[in-house]
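Chemist: One predicted model, sequence on top.
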Amino acid sequence: MNHEPLLARGLAALDFDISSGILDKLIQYLDEIERWNPLYGLVSAEGEDLVIKHVLDSLSPWRVLAELLASLDSSIARNGMATVIDIGTGAGFPGIPLAIAFPERPFVLIERLEKRVRFLESAITLLGLSNVEIRQGTAENEQEAFQCVVFRALRPFGDKKLFRSIWKKIQPGGALFAYKGRLMHARLELAELSEDAVLGNLAARAQIVPVWVPFLEEERCVVIARKEM
C-alpha cells in the first residue's frame, strides 16, 4: 500500500512540517514493519489502520509532550535535555515516531522480546536514528532513574506491581506520560489507585489531557503525572 497520501494529510493536520523529512522517515519505517511483519508478527494492523492507529496515534499528543519535556529540561535534566524512556515499545510505538519528530531528543526504547529487539535495531540503523538506544529487558530491571517515561498499549494502571516499580524509578521532578483511550476509562483506572500507598501519589498528581488523532473517531487521551521534587 502507498502510505504517503494518508500519512502526509495526517501529519499536516497535526501541524508537522512535512518538508523536514519526517514523512520520508515514517514511510521507511512503515515499509520496514510491513517487510518484517509476516515473519515476526510485530503488529496486527495493516494499511490505513497501521498509519492511523499506530503512527498518527503515537504522534497525536506531540505538542503536549513537547511542553512537558521543555519543563523537564529546565528543571531536572543535567545535560539540558531529558531522556524519554519508552517502556514495552513493541514494534517501536510510540518511541520511533516520537524520536523522528524530536530528532535532537535522546530516546531509550525498552522491549522484552528478542525478535522485536532485532527489528528495532535494524529499523533505527536504516532510519539513521542516532538519538535512539534499544534495550532488551523490562522496566523493572532497569537500574537508572527515569526522567520521562512514556508507554502506549502497555497494561492498565490496575497492574499495581508494575506501576509501583515504574513510579518508584521515576526521579524526583520526573514524569510519566501514558497513552490511553477513553477519558472515562482513564479516570476509572486512576481512581483505583487512590488508596495505594505508592500509587496514590501518582493518581493525586495525574492530569488527563484529551488528544485528537486524525481520521480516528475513537476517543484518545494521555495521562501525565509529575513526581514531586
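Modeler: Everything's here; your move.

Chemist: Show me what secondary structure element comes after the helix or strand containing Phe119.
Modeler: Phe119 belongs to helix 114-127 when elements are defined using DSSP states H and E. Using DSSP H and E, the helix or strand that follows helix 114-127 towards the C-terminus is strand 132-136.

Chemist: can I get the CA coordinates of the following helix or strand past that next one in PDB?
Modeler: Per DSSP H and E, the first helix or strand lying C-terminal to strand 132-136 is strand 146-152. Taking C-alpha atoms only, strand 146-152 is exported to PDB below (Å, rounded to 0.1, in the frame of the first residue of the first chain):
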ATOM      1  CA  PHE A 146      13.800   7.600  34.700                       C
ATOM      2  CA  GLN A 147      13.300  11.300  33.700                       C
ATOM      3  CA  CYS A 148      10.300  10.800  31.400                       C
ATOM      4  CA  VAL A 149       8.500   7.500  30.900                       C
ATOM      5  CA  VAL A 150       6.100   7.000  28.000                       C
ATOM      6  CA  PHE A 151       4.100   4.000  27.200                       C
ATOM      7  CA  ARG A 152       1.300   3.000  24.900                       C
END
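
Chemist: who's in contact with strand 146-152?
Modeler: The contact list for strand 146-152 (C-beta atoms under 8 Å, 6 or more residues apart in numbering) reads 57-58, 65, 68-69, 72, 76-77, 82-88, 93-95, 98, 139, 166, 169-171, 174-179. For the C-beta atoms, the positions are set from N, CA and C on the backbone; glycine is no exception.

Chemist: Buried residues, stretch 7-16. List them.
Modeler: By neighbour count with 16 or more other C-beta atoms under 10 Å, stretch 7-16 contains the buried residues Leu7, Ala8, Gly10, Leu11, Leu14, Phe16.
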